[in-house]
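*Asks:* Next comes the sequence, and after it the predicted model I'd like to discuss.
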Amino acid sequence: MTDDAKALAQRLKRRDPELLDQLIEQYQFRLFRYLLHLTANRERAEDFFQETWLRVLERGHQYDGKWKFEAWLFAIARNLVLDWHRRKKPQSIDSLAGPEEEATFDVKDEHSESPLDQVLHAEQKSSVQQSLERVPAIYREVLVLRFQEEMQLDEIAGVTGAPISTVKSRLYRGLDALKVAMTPS
Amino acid sequence: MNEQTHERAQRLIAQQHLEILPSEDAKWLNAHLAECESCAGEQRQLRESLSALRAMHVVLPLNLASRTQFRVRMRAEELREKEPAKKFVWAIAAVSWALGVSTAPWVWRGIEWLGQETGAPKLLLQAGFVLWWSVPPMIAAWAALSDKRVGQPQRTE
C-alpha cells in the first residue's frame, strides 16, 4: 500500500469531512458520468451519486488502499445500482438501460475553437453517444471504464467483480458491438 | 488476401487498444494495413470512435457536489451523535451477558424454586431460563443491526 493510499484509508476511517468534501469535488464528474452510463437516467444517476458518497462515509473504514480509490468508489456505486435493481426485479445489468429509457447526455465540447468546430464535434459526439446507447450495457460498462476512465484490466475486474479474462472478452465484444453500432445503416 | 487474413487483422486492431501487441503481430498488422484499405478504414473508424468516447462530456446537475457534501455532512453528524449511544448499548449488552453467565446457577435454582412454589410446567421454566440467556445477544444484535442500516436511494429535492 502506498503512503498516499494509507493516509487516504486512515482519513476515510476517521470520516474526515474535509477529505470527503474534497473527494466529492474531485470525482463528481467521473462518478456521475459512470452512473449515467449505468442507469441511462439522470435523476437516478443523481440519486445513486449521493447514495454512493453516503456509503463511502459509512463504509470508509473498509477501504484498505489495495485498490485505487476510484476503483473502490466505482465498485460501491455499481453495487448500489445492482442491489437496487435486484430488489426491484431480479435481472442482470443488461436491463439497466432499456430502450424505453433515453439516456439524455448533454454533450459539450471543451476544446472546440470555433462555432463550426463546435457543431462538427457536437455532431460527431452525438453520433458516438447514440452508438454507445446501442451497445449492450454489460459491454458498454467495460468500454466506459477502459476508455473513459482509463482503468487497467485488473481495476475493471475489481469494479465489476468479474475475472480479468471475462473483462477482456467483454471488451473485445464491446469493441465489436461499438463497431457495428457505428456502422451507418 | 483471404478472409482469415482480414479476421486476424481485425482481431489485432481491437487488441492493440487493450494491450501492447507483440512486435511480430504489430509488424504484420502494419504491413497488412498498408495494403488493405478496408481494414485501414476499420482501424481509423475504431480509433475515431474511441477518441470521441474519451472526449464525451456530461453536464452535471446543478450544485450536485455541494448538495451531496451537505447531505454527507448531515449524515456524518448523525453518525457522530449515535456513536456514544451505540457504545452505551454495547456496554449494557456486555454487562448483561456477564451477569447472565455469572448468575446462571442461582437463576436456575431460583426458577426451580419458583416452579415448586407455583407448580408451573417445566417447559415454561426452561423457556424462562432460555429467555434470560437470550436477552443480551438480542440487544447486541439490535445494536449491530442499527449500525448497519443500509441506505436506499432517495430524492433530496
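*Replies:* Arrived safely.
*Asks:* and the residue of chain B most remote from its centre, which of the three is it?
*Replies:* No residue in chain B sits farther from the centre than residue B:117, which is 54.3 Å out by C-alpha atoms, centre = their mean. Applying DSSP: H, G, I helix; E, B strand; the rest coil to residue B:117 yields a three-state assignment of helix.
*Asks:* In which helix or strand does residue A:38 reside?
*Replies:* When secondary structure is defined using DSSP states H and E, the element that contains residue A:38 is helix A:17-39.
*Asks:* Can you name the next helix or strand after that helix?
*Replies:* For helix A:17-39, the succeeding helix or strand toward the C-terminus, using DSSP H and E, is helix A:42-59.
*Asks:* Counting neighbours, which bits of that next one end up buried?
*Replies:* Along helix A:42-59, the positions that meet the burial threshold by neighbour count (16 or more other C-beta atoms under 10 Å in any protein chain shown) are A:42, A:44-58. Backbone N, C-alpha and C define where each C-beta goes, glycine included.
*Asks:* Correct me if wrong: residue B:135 contacts residue B:95.
*Replies:* No. With contact taken as C-beta atoms under 8 Å, residue B:135 and residue B:95 are classed as non-touching, separated by 11.9 Å.
*Asks:* okay, these two: which has more neighbours?
*Replies:* Neighbours were counted for residue B:135 and for residue B:95 using other C-beta atoms under 10 Å in any protein chain shown; residue B:135 has more, 14 against 11.
*Asks:* what's the distance between stretch A:74-94 and the middle of its chain?
*Replies:* Using C-alpha atoms, centre = their mean, to the nearest Å, the mean C-alpha position of stretch A:74-94 is found 13 Å from that of the whole chain.
*Asks:* The lowest-mean-pLDDT helix or strand in chain B packs against which elements?
*Replies:* The element with the least model confidence among the helices and strands of chain B, by mean pLDDT, DSSP states H and E, is helix B:122-147, at a mean of 75. On a contact count with 3 or more C-beta pairs under 8 Å, 6 or more residues apart in numbering or on different chains; DSSP states H and E, helix B:122-147 meets helix B:64-102, helix B:104-118.
*Asks:* tell me the angle of that helix relative to helix A:42-59?
*Replies:* 110 degrees (axes from the mean of the first three to the mean of the last three C-alpha atoms, to 10 degrees).
*Asks:* Which of the residues in the helix or strand where residue B:14 lies are classified as buried?
*Replies:* Under the assignment given by DSSP H and E, the secondary-structure element containing residue B:14 is helix B:3-15. When burial is assessed from 16+ other C-beta under 10 Å, helix B:3-15 yields the following buried residues: B:9, B:10, B:12, B:13, B:14, B:15.
*Asks:* Residue A:151 in helix, strand or coil?
*Replies:* Using three-state DSSP, the secondary structure recorded for residue A:151 is coil.
*Asks:* quick one: average pLDDT of stretch B:36-53?
*Replies:* Across stretch B:36-53, pLDDT averages out at 89.
*Asks:* Show the low-confidence segments of chain A, by residue range.
*Replies:* Flagging of chain A using pLDDT under 70 yields the residue ranges A:1, A:89-128, A:184-185.
*Asks:* Return the residues in contact with the residue most central in space within it.
*Replies:* Of all residues in chain A, the one closest to the mean position by C-alpha atoms, centre = their mean is residue A:34, 2.3 Å from it. In this structure, residue A:34 makes contact with A:74, A:77, A:144, A:145, A:148, A:149, judged by C-beta atoms under 8 Å, 6 or more residues apart in numbering or on different chains.
*Asks:* just to revisit the earlier point, and the residue farthest from the centre of chain B, how far from chain A?
*Replies:* Between residue B:117 and chain A the distance, using C-beta to the nearest C-beta, to the nearest Å, works out to 51 Å.
*Asks:* Quick check, pLDDT for that residue.
*Replies:* According to the predicted model, the pLDDT of residue B:117 comes to 86.
*Asks:* How about the residues of chain B by chain A?
*Replies:* B:14-15, B:17-18, B:42, B:45-46, B:48-50, B:52-61, B:64-65, B:67-69, B:71-73, B:75-76, B:79, B:151-156 (C-beta under 8 Å from any C-beta of the partner chain).
*Asks:* ok, and the most crowded of the contacts of residue A:34?
*Replies:* The most neighbours of any of the contacts of residue A:34, using other C-beta under 10 Å, belong to residue A:74, which has 29 neighbours.
*Asks:* and residue A:15, what does it touch?
*Replies:* For residue A:15, counting by C-beta under 8 Å, 6+ apart, the contacting residues are A:57, A:60, B:76, B:79.
*Asks:* Which of the residues you listed are buried? Put it as a PyMOL command.
*Replies:* Of the contacts of residue A:15, the buried ones can be selected in PyMOL as follows, counting by 16+ other C-beta under 10 Å:
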select buried, (chain A and resi 57+60) or (chain B and resi 76)
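*Asks:* Which of the contacts of residue A:15 sits closest to residue A:171?
*Replies:* Of all the contacts of residue A:15, residue A:60 has the smallest distance to residue A:171: 30.7 Å, by C-beta to C-beta.
*Asks:* which residue sits closest to that closest one, ignoring its sequence neighbours?
*Replies:* residue A:12 (3.3 Å; C-beta to C-beta, 6 or more residues apart in numbering or on different chains).
*Asks:* Nice, that's everything, thank you.
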